[in-house]
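> mind looking at a prediction? Sequence and model below.
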Amino acid sequence: MEYISLFVKSIFVDNMIFSYFLGMCSYLAVSKNVKTANGLGLAVIFVLLVTLPINYLLYTHVLKSGALAWVSESLAGVDLSFLCFIVFIATIAAIVQVVEMVVEKFAPALYSSLGIYLPLIAVNCAILGGSLFMQNKDFLNVGEASVYALGSGIGWWMAIVALAAIREKMAYAHVPAPLKGLGITFITVGLMGMAFMTFMGISL
């Protein structure tokens, strides 16, 4: 039950886009059509699902204060938490590189349509934010970290696909000239964010 609660909360209540505004650059740039948005969203889910548990294990067994006690009692007082940013980003960059090579080999059309935004997943603040939130939430085990990663990824994927579908429909709508492009997109995202705020009242 706790896993279900964490999963649902990470999708709707703590949505990376609408609650924390993380990953907005690629969110706005790649959400012009559903196919491309879906590809990037799935890539983000995969990267989160792989990197967050790895970073959890690195943090709990290597980086945080007293984590190295399993190596030697003399290292029990060592605190390497100041290296979290560097280690987390290095892990994310390595996994993104693997994803980029796989997508380029097996889905070259998607690779071309994503362009620079696929390697930029490495610096997508939603990915790093997931690891930093994991650190602050102090999960009990790697299972909770994995559930949180999956929920956060699905929440980001759902947000970008929903916006892409709306933007495809708006291409055929009468939008005032000053609002065309990013103008109406910002308004749409704001309304979507307000809609997602209604989930904050859910007791899980």
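Arrived safely.

> how much space between the nearest residue to Leu68 once chain neighbours are set aside and Thr91?
Sequence neighbours aside, Leu75 is the residue nearest to Leu68 in space, at 3.9 Å (criterion: C-beta to C-beta, 6 or more residues apart in numbering). C-betas here are computed from N, CA, C, even on glycine. Using C-beta to C-beta, to the nearest Å, one obtains 22 Å as the distance from Leu75 to Thr91.

> higher neighbour count, the two?
For Leu75 versus Thr91, neighbours defined as other C-beta atoms under 10 Å are more numerous around Thr91 (19 against 13).

> can you list the buried residues in the helix or strand harbouring that one?
Thr91 belongs to helix 84-106 when assigned by DSSP states H and E. When neighbours are counted by 16 or more other C-beta atoms under 10 Å, the buried residues of helix 84-106 are found to be Cys84, Val87, Phe88, Ile89, Thr91, Ile92, Ile95, Val96, Val99, Glu100, Val103.

> so which elements touch it?
Helices and strands in packing contact with helix 84-106 are listed as helix 34-58, helix 108-114, helix 125-137; criterion 3 or more C-beta pairs under 8 Å, 6 or more residues apart in numbering; DSSP states H and E.

> so which of the buried residues of helix 84-106 comes closest to Leu57?
Taking C-beta to C-beta as the measure, Leu57 lies nearest Thr91 of the buried residues of helix 84-106, at 10.1 Å.

> residues contacting that closest one?
Thr51, Ile54, Asn55, Leu58, Ser131 (C-beta atoms under 8 Å, 6 or more residues apart in numbering).

> if we can go back for a sec, next, the angle from the helix holding Thr91 to helix 34-58.
Here helix 84-106 runs at an angle of 140 degrees relative to helix 34-58 (axes from the mean of the first three to the mean of the last three C-alpha atoms, to 10 degrees).

> what's the neighbour count on Asn141?
Residues near Asn141, counting by other C-beta under 10 Å, number 10.

> so what's the backbone phi/psi at it?
Its backbone dihedrals place Asn141 at phi -150, psi 170, with angles given as degrees, to the nearest 10.

> and the worst-scoring helix or strand of the chain on mean pLDDT, what's buried?
Every helix and strand of the chain was ranked by mean pLDDT, DSSP states H and E. The lowest is helix 108-114, at a mean of 80. Buried residues in helix 108-114, counting neighbours by 16+ other C-beta under 10 Å, are found at Leu110, Tyr111, Ser113, Leu114.

> Val44 versus the second one, what's the distance?
With the distance defined as C-beta to C-beta, Tyr111 ends up 15 Å from Val44.

> of the buried residues of helix 108-114, closest to Gly193?
For the buried residues of helix 108-114, the residue nearest Gly193 by C-beta to C-beta is Leu114; the value is 24.4 Å.

> go ahead and confirm the closest one touches Thr36.
Yes: in terms of C-beta atoms under 8 Å, Leu114 counts as a neighbour of Thr36; the distance is 6.3 Å.

> low-confidence ranges, the protein, go.
For the chain, the stretches with pLDDT under 70 are 203-204.

> let's see that with 80 instead.
In the predicted model, the chain carries pLDDT under 80 at residues 1, 110, 113-118, 120, 122-123, 200-204.
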